[in-house]
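**Q** Structure, please.
(4 chains)
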Number of protein chains: 4
Amino acid sequence: MKPVCLVIGAGAGIGGHVGKRFASGGYHTVFCRRSDKEGLDLLVEQVKAAGGTASGVLLNAVEENTLETLIMETERETGPIEVLLFNLGAQIGNRNLADTSYKAFELGWRMACFALFRVAKTIMPYMAARGGGTLLITSATAALRGNAGQHSHASAIGGRRLLAQSLNAEFAPKGIHIAHIVIDGPVDAPDTLGKLLGPEAFARLRKEKGEGKDALLNPEKLSETYWHLAHQHRSAWTHEIDLRPWTDTPWWNDN
Amino acid sequence: MKPVCLVIGAGAGIGGHVGKRFASGGYHTVFCRRSDKEGLDLLVEQVKAAGGTASGVLLNAVEENTLETLIMETERETGPIEVLLFNLGAQIGNRNLADTSYKAFELGWRMACFALFRVAKTIMPYMAARGGGTLLITSATAALRGNAGQHSHASAIGGRRLLAQSLNAEFAPKGIHIAHIVIDGPVDAPDTLGKLLGPEAFARLRKEKGEGKDALLNPEKLSETYWHLAHQHRSAWTHEIDLRPWTDTPWWNDN
Amino acid sequence: MKPVCLVIGAGAGIGGHVGKRFASGGYHTVFCRRSDKEGLDLLVEQVKAAGGTASGVLLNAVEENTLETLIMETERETGPIEVLLFNLGAQIGNRNLADTSYKAFELGWRMACFALFRVAKTIMPYMAARGGGTLLITSATAALRGNAGQHSHASAIGGRRLLAQSLNAEFAPKGIHIAHIVIDGPVDAPDTLGKLLGPEAFARLRKEKGEGKDALLNPEKLSETYWHLAHQHRSAWTHEIDLRPWTDTPWWNDN
Amino acid sequence: MKPVCLVIGAGAGIGGHVGKRFASGGYHTVFCRRSDKEGLDLLVEQVKAAGGTASGVLLNAVEENTLETLIMETERETGPIEVLLFNLGAQIGNRNLADTSYKAFELGWRMACFALFRVAKTIMPYMAARGGGTLLITSATAALRGNAGQHSHASAIGGRRLLAQSLNAEFAPKGIHIAHIVIDGPVDAPDTLGKLLGPEAFARLRKEKGEGKDALLNPEKLSETYWHLAHQHRSAWTHEIDLRPWTDTPWWNDN
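**A** The predicted structure follows:
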């Protein structure tokens, strides 16, 4: 039986490409996303066309029991989840405090932070019982420091980063590798950055910074680093890593 | 009319002592805490006995509208809040993941992180309209990094730290001073550490490390730093500061 | 006999103002700087005119034995140094790698990092024998992260920051308070920023951001925080603090 | 012609294994170390026995012109250096301030910090002219924070970390990948940890934590991460990464 890679948050960017990378490396990938059945089916088909196996699930991560059921059913029906990629974000663009509602603030936390807690509560007992497994968490610079307009986002994923560290402290010694991956630059991802910017601005950005210039994080290339992290020898595990295009200065630099 | 200092989370430790320090410096202090009417009255009486003015409110910070009403009524009936000390914590001791319920995780966030967001949403418009004011936030080392057993606490106050930075980015240029105060050591506080440890262990700790040895943070002395921060000239504001007893090595050192 | 405050790097900005603040608080201040006898005498006269006592020394900090002799002679002839302010910087403006010579790189380290080591080696035995004392270190954002053109400066003061932490780990438990003060903004200081910019640009900057606008760190006001740190109760010591004008976003924000 | 991988600091641990990994991946490796001709020859022979090509150089990195000459001669006689691993350390064990001489402090800086500056000054013009290249820097937790007894080591490699960031800010946009690799745990390395501990304690440690337990960083396995970093697509480069054995809690945790 193939090991399973479960991708929570599988759009056309990082989530989709990481899932495809693991499928091509011999995993059965379960893609999971909130909406766009067509996009989901496309990912599964791409995997199959390349000779791999995959399946897809639509679910709303902030609803009760959805993530829990997904994990339990995958374990029961598809096989042991060896790699789980938590790829949910909660970037809603910059909004000043007056424009950030209680509801938006809470939703950000439910998506980006509480969802990881629920995932960890559900998957860790399986992985701990097996003495192994990998939890990859896609994160962003906003997990490292707040910024104007980032009340909801920075708070949610900053809290998540410290949750990842707390999980690591408890579960690394049980053989579970937890890696927090800080994406410090724009990703060439139509489902996230594309939607945030709108189609025209995104097309312009792609033309200006994409293919040939490599000034947008290429999610297919990036997926190699996810694969590498998940296959590090346990004597040399990474917990935190940053990534950005060669053209970008890191967040800590003056711009 | 006196300026008002509103203390949210006014126990016998930091909150109570900071409130008394501001009262002795000419502020009217409003002490606010969840329970223990007797303890609350004692704080008010201590202020009055020292020639100051103060009032007290019991409320449950996680209930809807409580903090919002408190702030609006204080502004309307007592006077402009010049200094607001957010002193709510969410330390529940070390618990492994299996023993940290969804409810506990969410409550931690509601107490330590969402409550600050609600407070900021309510007070910032007043302060911004006046072009001035100070928001002091008592925090802890767990806001800087996760640890075993700190799933709820570190995540909640880590998220809060980045919220404080986001608030600062928006409101410092509007004349509002936001300071995040990292308490990196045990406080001689009967209402928090005392309850966490239990009376006997706390008494032993006090004997071993307290008065004369100064190996517990003395909240009366500590309140001088809160006072100082609130009165820094606006050309030289502090956003983050750490504090610990001389006997303790900082969190970043090997122990 | 008065306690002594020794200021190493006493120009017309932070060093001079901190020295004057301590003199007005009852210390005998020893001002020490490399050049400008006139400027040095002026500081001493200002202290005396205000009813205090002070003395001045010219020396080249990077020369052998200068700092060592200064400290030993001050201890022997003036009195116990209770507070030592290390206020030497090594900002040389932004220079790309090709324009940063071996000599410049080494000089930066000698000024900003090795000089603190020499100072610590000389003063710590005195302070440790007395079981008390305070070492204040003026630092800058460049101690926290490198930047383009900061090869020499960031490396020198970044190394110094970790030296300060190593000193703190050894000497705090011996009763010696070490505080690392991160100045994260432009200081209204004619001898440093003024020289870096040149007189005209500095005059323009002052007009645009200075008095009334408070958008430059005012060293006189700032000196209150130095005074406060040096007088924190030992149960509640600060090791690191940041400071910037209200108008400036912190270094970790996007600009 | 093969691309060249130059390893500065090639003992039997990380340096040796990374050099061998690149040789097996098609690079000509130049191993460089201070002493032990026999150990150096062994590395070269191991590469050749595995079908690769390598050469070896003995030199004293702190002496004038040694590193400069090495790089220039390698470029001229062996080929373009595509990957340069800076693997010099300056760990001298824990020494309190009194036992850390000026000479030891300066030597630590010359070895760990100034040597990187010299290397960068020499190699960057070559790489920048070619619009590509990789500089890998082996670092340690002491680059992130000071500790008791680490006056020299933490200061030297903390300064180096900020130098690496400054280099990155200038040279990443010129196509040069600079990665700072934080080794946060004991490495199974006879030439460094082995010498620090002495043969008996090292043998005990190996028995207790080595093979089968994987509680020491295995430099052969670790070299896969160096290889991965050097071959990341330029749209997704890592500047900083941490590594430790699964059994170890990260430096930021309580122990």
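**Q** Could you pull up the contacting residues of whatever residue of the stretch 51-200 of chain A ends up closest to chain C?
**A** Proximity to chain C, evaluated over the stretch 51-200 of chain A using CB to the nearest CB, is greatest for A:Arg145 at 4.0 Å. For glycine as for every other residue, the C-beta is placed from the backbone atoms N, C-alpha and C. Taking CB atoms under 8 Å, 6 or more residues apart in numbering or on different chains as the definition of contact, the neighbours of A:Arg145 are A:154, A:158, A:251, B:162, B:165, C:252-253.
**Q** Report the buried residues of the helix or strand encompassing A:Thr69.
**A** With elements delineated by DSSP states H and E, A:Thr69 resides in helix A:66-73, which encompasses its position. When burial is assessed from 16 or more other CB atoms under 10 Å in any protein chain shown, helix A:66-73 yields the following buried residues: A:66-67, A:70-71.
**Q** ditto for stretch A:123-134
**A** With burial defined by 16+ other CB under 10 Å, the residues of stretch A:123-134 counted as buried are A:123-124, A:126-128, A:133-134.
**Q** Let's see which of those residues end up in helices.
**A** Helix and strand membership here follows DSSP state H; of these, those in helices are A:123-124, A:126-128.
**Q** Spell out which parts of chain A neighbour chain C.
**A** A:144-148, A:249, A:251-255 (CB under 8 Å from any CB of the partner chain).
**Q** Considering only the stretch 1-150 of chain A, name the residue that lies closest to chain D.
**A** Taking CB to the nearest CB, chain D has its nearest neighbour within the stretch 1-150 of chain A at A:Gly132, 9.6 Å off.
**Q** so who does the closest residue to that residue other than its chain neighbours touch?
**A** Nearest residue to A:Gly132, sequence neighbours excluded (CB to CB, 6 or more residues apart in numbering or on different chains): A:Gly175, at 4.6 Å. For A:Gly175, the contact set (CB under 8 Å, 6+ apart) comprises A:127-128, A:131-133, A:234, D:246.
**Q** Which of those residues fall within strands?
**A** Here DSSP state E is the test, and the contacts of A:Gly175 give A:Gly133 as lying in strands.
**Q** so which of the contacts of A:Gly175 would you say is closest to chain B?
**A** Within the set of the contacts of A:Gly175, A:Ala128 lies nearest chain B; the separation is 9.3 Å, counting by CB to the nearest CB.
**Q** Now do the SS call for A:Leu6.
**A** Using DSSP: H, G, I helix; E, B strand; the rest coil as the criterion, the local structure at A:Leu6 reads strand.
**Q** Got the phi and psi for the residue nearest to A:Lys209 when sequence neighbours are not counted?
**A** Residue nearest to A:Lys209 in three dimensions, not counting chain neighbours: A:Ala215, with 3.6 Å by CB to CB, 6+ apart. Backbone geometry at A:Ala215, expressed as degrees, to the nearest 10, gives phi -100, psi 0.
**Q** how about A:Ala215, what does it touch?
**A** Contacts here follow CB under 8 Å, 6+ apart; on that basis A:Ala215 touches A:208-209, A:245-248, D:235.
**Q** cutoff 10 Å now
**A** A:185-186, A:188, A:205-206, A:208-209, A:244-248, D:173, D:234-235 (CB atoms under 10 Å, 6 or more residues apart in numbering or on different chains).
**Q** Spatially, which two of those are the most separated?
**A** Greatest spatial distance among these (CB to CB): A:Arg206 and D:Pro173, at 19.7 Å.
**Q** Between those two, which has more neighbouring residues?
**A** Counted by other CB atoms under 10 Å in any protein chain shown, A:Arg206 and D:Pro173 do not tie: A:Arg206 has more neighbours, with 18 against 15.
**Q** List the contacts of the helix or strand containing the more buried one.
**A** Under the criterion DSSP H and E, the helix or strand holding A:Arg206 is helix A:199-209. Residues external to helix A:199-209 that are found in contact with it (CB under 10 Å, 6+ apart): A:185-186, A:188-190, A:193-198, A:210, A:213, A:215-216, A:245, A:247-248, D:235.
**Q** packing partners for the following helix or strand past it?
**A** Using DSSP H and E, the next helix or strand after helix A:199-209 towards the C-terminus is helix A:219-230. Using 3 or more CB pairs under 10 Å, 6 or more residues apart in numbering or on different chains; DSSP states H and E as the contact test, the elements touching helix A:219-230 are strand A:4-8, helix A:14-24, strand A:81-86, strand A:133-140, strand A:176-183, strand A:240-243, helix D:219-230.
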